[in-house]
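J.: Need coordinates for the following:
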Amino acid sequence: MNINLTACVIGIVASLLTESILAQQVTFSRDIAPIFQEKCESCHRVGAMAPMPLVTFDDVRPWARAIKRVITAGEMPPWQIDKSAGVRNFKNDRSLKSDQIDTII
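T.: Down below sits the predicted model:
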């Protein structure tokens with residue numbers, strides 16, 4: 001009986017640890033797509049001004065290195081206003097917050 005109880009407890013702990021690990025992994029649909037929808041897709045969609053759509057995982061994957069480079073360099077999304085002086089909150093601000101950058105890259 002103690003063996004069955006021990007096995008049950010081990011199974012529950014393993015299940016909880018697995019759920020915790022999976023919750024920490026970044027996924028495109030849960031974590032990245034909402035950021036792209038808010039900050040990128042107004043330009044990066046079929047028929048828009050950007051050269052490529054960034055709507056689906058298949059759209060984004062070939063551009064992953066370039067996306068990392070331009071986001072890290074602060075080139076994308078284009079937002080040239082210096083928020084360190086004067087007004088800091090702007091309507092339609094497309095700039096990425098640091099936690100969004102961390103999630104993407």
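
J.: going forward, measure contacts and count neighbours with C-alpha atoms only.
T.: Noted.

J.: Flag the shaky bits of the chain, pLDDT-wise.
T.: 1-2, 4-23, 79-91 (pLDDT under 70).

J.: residue ranges of the helices in it, please?
T.: For the chain, the helices defined by DSSP state H cover 2-24, 33-39, 57-60, 64-72, 98-104.

J.: quick one: contacts for the nearest residue to residue 38 once chain neighbours are set aside?
T.: The shortest distance from residue 38 to any non-neighbouring residue, by CA to CA, 6 or more residues apart in numbering, is to residue 94 (7.8 Å). By CA atoms under 8 Å, 6 or more residues apart in numbering, the contact list for residue 94 reads 38, 39, 40, 77, 78, 79.

J.: Same check on residue 95?
T.: Counting by CA under 8 Å, 6+ apart, the residues that residue 95 touches are 39, 76, 77, 78, 79.

J.: is it true that residue 104 touches residue 32?
T.: Yes - Residue 104 is within contact range of residue 32, at 6.1 Å (criterion: CA atoms under 8 Å).

J.: the more surrounded of those two?
T.: Neighbour totals were compared for residue 104 and residue 32, and residue 104 leads with 20 against 17 (other CA atoms under 10 Å).

J.: How much space separates the more buried one from residue 47?
T.: Distance of residue 104 to residue 47, computed by CA to CA, to the nearest Å: 24 Å.

J.: Please check the contacts of residue 94 and keep the buried ones.
T.: 39, 40, 77 (16 or more other CA atoms under 10 Å).

J.: Having no further points to raise, I will conclude here.
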